[in-house]
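In: Sequence and predicted model, in that order:
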Amino acid sequence: MTIPEHRKWMINRLLPGKVAYTDEFIKGMEEFIKFACSQPKYLYEKIIRCPCKICKNIKHFTPDEVNVHIFKKGFIPGYWYWTSHGEEAPSINLNEHVHSSDSISHQGCIFDMSSSSQSNILAEDSEHVNRFDPHKVVIDGIANCIWSKFELARPSWKKFPESTREMWFEEFKKKFKWLPHYNDAIWSNINKRASSKTTQLFQDVRKKLPLKPHWMGDAVFKEMKVYWESDEFKTKSERNKENRDSNVGASLHTGGCVPHRLIYKRMKEATGKDPSVLEFYFRTHRKKSDESWVNEKAEATYNEFERKKQEILAAQSASVVNGETNSASQPAQLSEMDI
Ligand SMILES: [Zn+2]
């Protein structure tokens, strides 16, 4: 991607002799910081992504720190549109980026939205700086729709009136495009994703209390707080916590919020072949640092897998000894579903 005229200053940082900064860079940086600080991300969290050559839009810092980084190191090459800071990039048809194994919500979609993740595509085009994750684009898109018009206090996604959820879906349609026959599938998918995204958004808000998020009006925020302080909510979250505890981290995985599909893709990229079921299981359930299990359940599942495997191998060798070669008497092979 070629550099647009109005961003040429980004690569003209130092004066000849490299002893001082150019005026256009100093001026441009002011513009960049001002722009980044006008975005919801900053207004809400008081930090922005750092597009310096070292941080590559992955790390977050205060605007002052980011300013220092960029003056010292310069921008990542190719970051001509500030899409990680809320700027819209020229429309890109992402169909060719969408992997066929991705969930239905991505199939046949043309994303013309310039959410934060689009920087990844631009960066990928230029330097393989970042990885594009269509899943994140969609989830961020959902959050943006919810934020755009949050006028009712409700405890969860399902408790919002259908009309409100549909209104958000209409917003979503403005940002993403797909073929009409996917409409129902996408609506049902969005309902699922939005439900967990809403839970997460509320959790984030509660963690930062008494800070009001930029997307809630005063009245709604007040009402939400009353609900979160209510006995009803406390009993419910206590019960959820007990359920989680009794499950000993059933949903815990390494990789944090990185979708498994993406981890799989990265493993494949790294080795050039599909990872085996076990390799993938180790990667997602054992810590990289010391190869310890993420929790007891992950370990128990693996042990059970090994036990079954040994049992089957023993049965197989026993049947060979007995001269039974009839395939009908073979024990079922282990499949991915056993893990
Ligand atoms: Zn940096």
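Out: Arrived safely, thanks for sending. Residues are numbered from 1 along each chain as shown.
In: Could you tell me which ranges of the stretch 201-339 of the chain sit under the pLDDT cut-off?
Out: Low-confidence segments of the stretch 201-339 of the chain (pLDDT under 70): 245-252, 255-257, 319-339.
In: what do you get if the cut-off is 80, keeping everything else the same?
Out: 241-261, 288-290, 316-339 (pLDDT under 80).
In: Tell me the residues on it that lie near the ion, please.
Out: By C-beta under 5 Å from the ion, no part of the stretch 201-339 of the chain sits against the ion. Heads up, the C-betas are built off the backbone N, CA and C, glycines and all.
In: Please enumerate the helices of the stretch 201-339 of the chain.
Out: 218-229, 231-246, 260-271, 277-285, 296-321 (DSSP state H, counting those that start in this stretch).
In: Packed most tightly, which of those would that be?
Out: With neighbours taken as mean count of other C-beta atoms under 10 Å, those reach their highest mean count in helix 277-285, at a mean of 17.
In: Now do that helix: distance to the chain's middle.
Out: In terms of C-alpha atoms, centre = their mean, to the nearest Å, the centre of helix 277-285 is set 20 Å apart from its chain centre.
In: List the contacts of that helix.
Out: 253-255, 260, 263-264, 267, 275, 291, 293-294, 298, 301-302, 336, 339 (C-beta atoms under 8 Å, 6 or more residues apart in numbering).
In: Equivalent analysis for stretch 230-243, please.
Out: Residues outside stretch 230-243 that contact it (C-beta under 8 Å, 6+ apart): 155, 227.
In: Go again with 7 Å.
Out: With C-beta atoms under 7 Å, 6 or more residues apart in numbering as the test, stretch 230-243 has contacts from residue 227.
In: hmm, back to that, tell me the one among the contacts of helix 277-285 nearest to the ion.
Out: residue 255 (23.5 Å; C-beta to the ion).
In: In CSV: the helices of the stretch 201-339 of the chain, plus distance to residue 205.
Out: As requested, those are arranged in CSV below (distance: least, C-beta to C-beta, whole Å):
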stretch, distance to residue 205
helix 218-229, 7
helix 231-246, 13
helix 260-271, 27
helix 277-285, 29
helix 296-321, 30
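In: List the buried residues in the host helix or strand of residue 186.
Out: Applying DSSP states H and E as the criterion places residue 186 in helix 183-207. Neighbour counts over helix 183-207 (16 or more other C-beta atoms under 10 Å) mark 186, 189-190, 193-195, 197-198, 201-202, 205 as buried.
In: same deal with stretch 31-39?
Out: Buried, per 16+ other C-beta under 10 Å, within stretch 31-39: 32-33, 36-37, 39.
In: Pull that stretch out as PDB, backbone CA atoms only.
Out: Only the C-alpha atoms of stretch 31-39 are listed here, as PDB (Å, rounded to 0.1, in the frame of the first residue of the first chain):
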ATOM      1  CA  GLU A  31      -2.400  15.700  15.000                       C
ATOM      2  CA  PHE A  32      -1.900  12.000  15.600                       C
ATOM      3  CA  ILE A  33      -2.100  12.200  19.400                       C
ATOM      4  CA  LYS A  34      -5.100  14.600  19.300                       C
ATOM      5  CA  PHE A  35      -6.800  12.200  16.900                       C
ATOM      6  CA  ALA A  36      -6.100   9.100  19.000                       C
ATOM      7  CA  CYS A  37      -7.400  10.900  22.200                       C
ATOM      8  CA  SER A  38     -10.700  11.800  20.600                       C
ATOM      9  CA  GLN A  39     -11.600   8.200  20.200                       C
END
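In: Many thanks, have a good one.
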